[in-house]
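Student: what's the 3D shape of this:
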Amino acid sequence: MSEISDLDLLKELGVELEVVKPKQYSPLEARLIAGFEDIQKFTKEHGRVPQHGENNDIFERLYAVRLDQLLKNQQALSLLAKMDTHGLLTGNTAQSVEEIDDNTLLEELGIELSPDNTDDITKLRFVSPIAHRQSADEIANRAVCRDFDKFEKIFEQIRVDLKTGVREARRSTKREDVNVGGLFILNGQIAYIAEQGKTFDAPSKKEYDARLRVIFDNGTESNLLLLSFQRALRKDEHGRAITIPIAGPLFSNDADGDNQTGTIYVLKSKSDLPEITPIRGVILKIGVTGGDVKTRIANSKTEATYLLGEVEVIDEYKLYNINRKKLEKMLHTIFDAARLKISIKDRFGNPFEPREWFLVTRESVSEAVQLIQDGTIHTHTYDLATAKFIEAKPSS
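Tutor: Predicted coordinates for the structure are as follows:
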């Protein structure tokens, strides 16, 4: 007798199998899920939820704000509940009535204390609560960006620029200038000003307004008024303006003593450690110092950061009018994929992981310095496979 398959057997028994189709998500739902997965990844890697704070990494602060926004979004909570393996969405962040002070209540109502007597609650000033509510509505009412593929590369490059220090996210106390091409962080999302319509007089007659097309890095967009965007940016305590790339050369030919602020140094190892000798010829240390390089490396034999051995200075680049810490961080981030990952014992026998040694060529470091010098480093990425810098192609 021929064998009967499971499917045939079920059919004989009158059991019909139901084909389970994979869940289809809308573009907006897919973006919400992707954003939440970034937060989960951070939590898993760092063992804690992302935190606010000026001293924290810009991406941690972005994730913290994004998590705050998800907690306020009922649609997002319903969508993400089953994948919340870390319990990130179960916290209760809402304030009770008793916890909200008078000033907070007044702000929610669109009323501010009189500027000449902020302590007197009986003196109030009307500040257009309807305009504030309209501003909030405009920011919240976003649509899916149908041509997001045109802007995706921009956001990818901005993240690289922020990570390498080519751009900074700065809080400003003044009203930010908003123009086409401008980049901001609003409600935890990077916002790009793609278009601006004709200007017209605002109701106050003291300033002008215009309709903007704002693209957000989660794949949504909003057509809102310029003044509404500025107002929302000021109201968001985590709102930031993203600076333009470093403009002009970072180095000067002016050798005036007062202008010199440091030196990039490139070192070759002569360490005799058994972990290092096989790779001595392919690793270089890249650093920045404000003093004399020879003085800096004088005790290299006893310092684990120099691999407990002599080093040879193979290149130096003098710097003028530069922030040394930011430049060093930029260089190390550029070559992060080529960073040497090794653990050695320091002179006391304690484990130590050197962080400033890279599997790069002397020519690659020189090219990086040149790209930083001419202000084009933000348009290039270092390709580990070819040991060369590749220029990013603009999206069409």
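Student: mind checking the SS state of the closest residue to Gly188 other than its chain neighbours?
Tutor: Of all residues beyond its chain neighbours, the one nearest Gly188 is Val65 (3.1 Å), with distances taken as CB to CB, 6 or more residues apart in numbering. Every C-beta, even on glycine, is put in place using the N, C-alpha and C of the backbone. Here Val65 takes the helix state, with states given by DSSP: H, G, I helix; E, B strand; the rest coil.
Student: Need the contact partners of the helix or strand hosting Glu152.
Tutor: Per DSSP states H and E, Glu152 falls inside helix 149-164. If you take CB atoms under 8 Å, 6 or more residues apart in numbering as the criterion, helix 149-164 is touched by 58-59, 145, 166-169, 183, 190, 192, 194, 215, 217, 242, 245, 329-330, 333-334, 377-379, 381, 392, 394-396.
Student: need the strands for the stretch 1-150 of the chain, in chain order.
Tutor: 111-113, 124-126, 143-144 (DSSP state E, counting those that start in this stretch).
Student: List buried residues within the contacts of helix 149-164.
Tutor: 58, 145, 166-167, 169, 183, 190, 192, 194, 215, 217, 242, 330, 333-334, 377-379, 381 (16 or more other CB atoms under 10 Å).
Student: when you check those against the helices, which ones overlap?
Tutor: Ile58, Met330, Thr333, Ile334 (DSSP state H).
Student: Skipping its backbone neighbours, what lies nearest the second one in space?
Tutor: The shortest distance from Met330 to any residue other than its chain neighbours is 4.4 Å, reached at Gly165 (CB to CB, 6+ apart).
Student: Got the domain ranges for this structure?
Tutor: With automatic domain parsing as the criterion, the domains of the chain are listed as 27-83, 141-245, 260-391.
Student: Now do the shortest one, average pLDDT.
Tutor: For domain 27-83, mean pLDDT rounds to 84.
Student: now swap in stretch 371-391 and tell me
Tutor: Stretch 371-391 shows a mean pLDDT of 83.
Student: So Ser300 sits against Glu310, correct?
Tutor: Yes - between Ser300 and Glu310 a contact is recorded at 6.0 Å, counting by CB atoms under 8 Å.
Student: Settle it for me: which of these two has more neighbours?
Tutor: Ser300 (21 against 15; other CB atoms under 10 Å).
Student: ok, now which ones touch the closest residue in space to that one that isn't next to it in sequence?
Tutor: Leaving aside its chain neighbours, Ser300 sits nearest to Tyr306 (3.7 Å; criterion: CB to CB, 6+ apart). The contact partners of Tyr306, by CB under 8 Å, 6+ apart, come to Leu267, Ser269, Ser271, Lys285, Ile297, Ser300.
Student: and of those residues, the nearest to Glu221?
Tutor: Lys285 (45.7 Å; CB to CB).
Student: Show me what the longest helix anywhere in the chain is packed against.
Tutor: Identified as the longest helix of the chain according to DSSP H is helix 27-46. With contacts taken as 3 or more CB pairs under 8 Å, 6 or more residues apart in numbering; DSSP states H and E, helix 27-46 sits against helix 58-71, helix 74-80.
Student: picking up where we left off before, I'd like the ones in helices among the buried ones among the contacts of helix 149-164 as JSON lines, with distance to Asn323 appended.
Tutor: JSON lines is the format used below for these (distance: CB to CB, whole Å):
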{"residue": "Ile58", "distance to Asn323": "16"}
{"residue": "Met330", "distance to Asn323": "10"}
{"residue": "Thr333", "distance to Asn323": "14"}
{"residue": "Ile334", "distance to Asn323": "16"}
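Student: pLDDT-wise, what's the bottom of the residues you listed?
Tutor: Out of those, that is Ile58, at 73.
Student: returning to that earlier point: make sure the residue nearest to Gly188 is actually in contact with Ile190.
Tutor: No - using CB under 8 Å, Val65 is not in contact with Ile190; the gap is 11.1 Å.
Student: can you give me the strands in the stretch 151-300 of the chain?
Tutor: Counting by DSSP E, counting those that start in this stretch, the strands of the stretch 151-300 of the chain are 169-170, 183-186, 189-196, 200-201, 208-209, 211-216, 220-225, 240-242, 260-269, 284-289.
Student: okay, those strands in CSV with distance to Ala338 next?
Tutor: Putting the strands of the stretch 151-300 of the chain into CSV (distance: least, CB to CB, whole Å) gives the following:
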stretch, distance to Ala338
strand 169-170, 27
strand 183-186, 29
strand 189-196, 27
strand 200-201, 53
strand 208-209, 49
strand 211-216, 33
strand 220-225, 36
strand 240-242, 27
strand 260-269, 14
strand 284-289, 10
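Student: Kindly reformat the ones you listed as JSON lines containing mean pLDDT and distance to Pro27.
Tutor: Output for these, formatted as JSON lines (pLDDT from 0 to 100; distance: least, CB to CB, whole Å):
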{"stretch": "strand 169-170", "mean pLDDT": "86", "distance to Pro27": "26"}
{"stretch": "strand 183-186", "mean pLDDT": "92", "distance to Pro27": "20"}
{"stretch": "strand 189-196", "mean pLDDT": "93", "distance to Pro27": "15"}
{"stretch": "strand 200-201", "mean pLDDT": "84", "distance to Pro27": "32"}
{"stretch": "strand 208-209", "mean pLDDT": "86", "distance to Pro27": "30"}
{"stretch": "strand 211-216", "mean pLDDT": "94", "distance to Pro27": "12"}
{"stretch": "strand 220-225", "mean pLDDT": "90", "distance to Pro27": "9"}
{"stretch": "strand 240-242", "mean pLDDT": "89", "distance to Pro27": "24"}
{"stretch": "strand 260-269", "mean pLDDT": "87", "distance to Pro27": "44"}
{"stretch": "strand 284-289", "mean pLDDT": "95", "distance to Pro27": "42"}
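Student: quick one, what contacts Thr333?
Tutor: Lys163, Thr164, Gly165.
Student: Give me the distance between it and Glu316.
Tutor: 21 Å (CB to CB, to the nearest Å).
Student: what sits against the nearest residue to Gln40 once chain neighbours are set aside?
Tutor: Distances taken as CB to CB, 6+ apart put His86 closest to Gln40, at 6.0 Å, once the chain neighbours are dropped. Counting by CB under 8 Å, 6+ apart, His86 touches Gln40, Thr43, Lys44, Val49.
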